[in-house]
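Peer 1: sequence first, predicted coordinates after that:
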Amino acid sequence: MKKHHYILEKIALPLLVSFLTPIATSIGSKITTGNWTLLFSKIPLSYKVVFFLLIIFWIIINIVQRKNKNVTSEGPLISFIKIPPWGWENIGNISYAGVKWVIIVPAQPLKTLSVHHNISPEDLEIKIPPRCPKCETELEQYKSFIGGFIWKCIACGFKIRSHNDFFKEAERAKKIAKRQLEIIINNSQNS
Ligand SMILES: [Zn+2]
């Protein structure tokens, strides 16, 4: 929803209703009693308070809903700006920040016996979104009301709080995965 639509539908409309209601009541008062304000005095104070609180409640609920909306689609998508000619290939997983990250590298045109023989740590990327550590379903990301993010699994209900978003944590997972791959390459060269 665009910002001006949001303001119109979620804030302006309730306010308009809250202003129109007394006007409508006033006109109703004039028609039925001949006095602009007589009907108002007949409305108990408790009704006025309840009506006012409902309007405030409505606005708060809408602000909270907006804060909790799924934000998976937002972000720079840094990892996928480069598109290798043969696509991406999964080479494994890494556990980081309480979730599972899929490590990808540019795919090879023809798979040889040793698929990973010429993988460079520089080619490595991390797939977004990360996956659920319990059932491997792709996670969804929501902005937390108290700050930070909540990552949720829609399949098994797994939930984890994160200070940073997918993109920031994927960059960190990438650093760890890169170092692990460097160690594997060094070990294989030394043996
Ligand atoms: Zn799950």
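Peer 2: Great, that's in hand. Numbering: from 1, shown residues only.
Peer 1: what's the least confident helix or strand in this protein, going by average pLDDT?
Peer 2: The helix or strand of the chain with the poorest confidence is helix 3-7; it has a mean of 60 (mean pLDDT, DSSP states H and E).
Peer 1: following it, which helix or strand shows up next?
Peer 2: Using DSSP states H and E, the helix or strand that follows helix 3-7 in sequence is helix 13-33.
Peer 1: mind listing what's buried along that following helix?
Peer 2: 14, 18, 25-26, 29 (16 or more other C-beta atoms under 10 Å). Glycine gets a C-beta too; all of them are placed from N, C-alpha and C.
Peer 1: please apply the same query to stretch 125-137.
Peer 2: 125-133.
Peer 1: kindly check the end-to-end length of that stretch for me.
Peer 2: 19 Å (C-alpha to C-alpha, to the nearest Å).
Peer 1: likewise for stretch 30-44?
Peer 2: First-to-last residue span, stretch 30-44, C-alpha to C-alpha: 18 Å.
Peer 1: and for it, what's in contact with it?
Peer 2: Outside stretch 30-44, the residues within contact range by C-beta atoms under 8 Å, 6 or more residues apart in numbering are 22, 25-26, 28-29.
Peer 1: again, only using 10 Å
Peer 2: 22, 25-29, 48, 50-51 (C-beta atoms under 10 Å, 6 or more residues apart in numbering).
Peer 1: same question for stretch 17-24.
Peer 2: With C-beta under 10 Å, 6+ apart as the criterion, stretch 17-24 contacts 29, 40, 43, 48, 51-52, 54-56, 58-59.
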